[in-house]
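Student: Fold the following for me, if possible:
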Amino acid sequence: MCKEEMSKEYYHRCCDQGPMGPAGLQGSQGIQGVPGAQGIMGPSGAQGNPGAQGPKGDPGICDCPEMDCCCESYANVFATVPQSVDAFGGANDMVKFDAQNAVAVADFDLTGMAASGDIKFLKHAIYHIAWQLQARIATPVPTPVPSWSFGFWLNGVLVPGSIYSGFTQAPGDDACHSTGDVIIEVNPGDILKLRNTSVSTVSLNPNVTGSVFPITIASVNIECVKKLA
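Tutor: Next comes the predicted model:
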């Protein structure tokens, strides 16, 4: 074979593609790239229209379903002026009041309390009524020394259970504190008085020894418990 033919044959044998070799092993994962910067937050959307109003709830339960809700009748009257209260049956056997604090003015007529001790009710209701006194037997103090007592009269009739007593031990004693209270039904136009129910004249004097300020010598507190038709 000539040299030229040998070269061509050799050339073809060297340049023919051989069979594919086996796949190589997978390389290890590369290092994760640096994350990109966060984008700028977009503007807020427009506020939506308000929703429809919900249905009205059921009415609450009244504490006093059998009457107008509720009973708010009250009064506080008191006395600061010295007074001598006659023994029971005397022309001035009642306590008189010259001042007041909170009063439901539409429920009471107090125009007579300073002259006659009258507390007039204008509403039909059940009331809790309490009294307090600073009192002592008027001089000269008799021997043996009697007790003194006070109670409520409604329209000239004694209110049962309203009389309570006090006791002056000696002529020089300061006033003794006494209290009483009741719960009663009162009608419009009824008149309440606090009266001396003892056989002795009783002094109500606000200038008790040792007190920097004058003492309240008598008071009546009235609170409605239940309003009636």
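
Student: Please list all residues in contact with Lys96.
Tutor: 79, 81, 83, 113-117 (Cβ atoms under 8 Å, 6 or more residues apart in numbering). The way it works is simple: take the backbone N, C-alpha and C, and place the C-beta from them, glycine included.

Student: hmm, try it at 10 Å
Tutor: Lys96 makes contacts with 77, 79, 81, 83, 85, 112-118, 193-194, 204, 218, as judged by Cβ atoms under 10 Å, 6 or more residues apart in numbering.

Student: Now intersect those residues with the strands, please.
Tutor: Using DSSP state E to define strands, the subset of those located there is 77, 79, 83, 85, 193-194, 204, 218.

Student: ok, of these, which one's closest to Ala104?
Tutor: Distance to Ala104 across these (Cβ to Cβ) is lowest for Val77, with 12.3 Å.

Student: Please determine how far that closest one is located from Lys96.
Tutor: 10 Å (Cβ to Cβ, to the nearest Å).

Student: any shared contact partners between the two?
Tutor: 113-114, 117, 194, 218.

Student: So what's the residue count around Gly90?
Tutor: By other Cβ atoms under 10 Å, the residues close to Gly90 number 13.

Student: Check Val141 too.
Tutor: Neighbour count for Val141, taken as other Cβ under 10 Å: 17.

Student: Same check on Gly112?
Tutor: Neighbour tally, Gly112, other Cβ under 10 Å: 15.

Student: for the protein, what spans make up the helices?
Tutor: 3-15 (DSSP state H).

Student: Tell me how many other residues crowd Lys121.
Tutor: Rather than Lys, residue 121 is Phe. 23.

Student: for it, what are its contacts?
Tutor: In this structure, Phe121 makes contact with 73, 75, 107-109, 127, 129, 154, 186-192, 222, 224, judged by Cβ under 10 Å, 6+ apart.

Student: Perfect, I'm done here.
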